[in-house]
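*Asks:* Structure for this input, please:
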Amino acid sequence: MPLDHADVKKIAHLARLDLSDERMGGIATDLTNILELVEQLSAVDTEGVVPMAHPLQMAQRLRSDEVTETNCRELFQSIAPQTENGLYLVPKVIE
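*Replies:* Numbering: from 1, shown residues only. Down below sits the predicted model:
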């Protein structure tokens, strides 16, 4: 199913692309080739083919849960403009 200029223009509008009229023909050809390749791939019988990779079978490597930074809260609050009861006081920004 070859794409015409109207199809490419609509796709470009949806993708918020500004394509010149000179490039429409080449883009239409490229998109048509891509869609034909997808049709060919969809036609391949994959029954019984085991997937090579799947994200649900993977486990993420985790680091050990160790404290690496020291508690500097007192130091940071000592240089803050205003604090109260361990909290930073900031100007009200929402009325």
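*Asks:* would you list every one of the helices in the chain?
*Replies:* Assigned helices in the chain, in chain order: 5-14, 21-43, 73-78 (criterion: DSSP state H).
*Asks:* so which of those helices is the most packed in?
*Replies:* By mean neighbour count, with neighbours taken as mean count of other C-beta atoms under 10 Å, helix 5-14 ranks first of those at a mean of 14. (C-beta placed from N, C-alpha, C; glycine too.)
*Asks:* Columns mean pLDDT on top of the helices of the chain, output as CSV?
*Replies:* As requested, the helices of the chain are exported to CSV (pLDDT from 0 to 100):
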stretch, mean pLDDT
helix 5-14, 90
helix 21-43, 91
helix 73-78, 94
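*Asks:* what sits against the residue nearest the centre of the chain?
*Replies:* In the chain, the C-alpha nearest the mean C-alpha coordinate belongs to Ala15, at 15.5 Å (C-alpha atoms, centre = their mean). Ala15 makes contact with no residue under the criterion C-beta atoms under 8 Å, 6 or more residues apart in numbering.
*Asks:* again with the one 4 residues further on
*Replies:* By C-beta under 8 Å, 6+ apart, the contact set of Leu19 is 8-9, 12, 27.
*Asks:* rerun at 7 Å
*Replies:* Leu19 is in contact with 12, 27, counting by C-beta atoms under 7 Å, 6 or more residues apart in numbering.
*Asks:* any idea of the pLDDT on it?
*Replies:* We have a pLDDT of 87 for Leu19.
*Asks:* Distance of it relative to Gly48?
*Replies:* Note on Leu19: its distance to Gly48, by C-beta to C-beta, to the nearest Å, is 43 Å.
*Asks:* And Arg73, by the same measure?
*Replies:* 60 Å.
*Asks:* returning to what we had before: please name whichever of the helices of the chain is nearest to Arg61.
*Replies:* Closest to Arg61 of these is helix 73-78 (C-beta to C-beta; 30.9 Å).
*Asks:* can I have that closest one written out in CSV, keeping just the CAs?
*Replies:* In CSV, the C-alpha atoms belonging to helix 73-78 read as follows (Å, rounded to 0.1, in the frame of the first residue of the first chain):
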residue,chain,number,x,y,z
ARG,A,73,21.9,17.6,58.7
GLU,A,74,23.1,19.7,61.6
LEU,A,75,25.9,21.3,59.5
PHE,A,76,23.5,22.1,56.6
GLN,A,77,20.9,23.6,59.0
SER,A,78,23.5,25.7,60.7
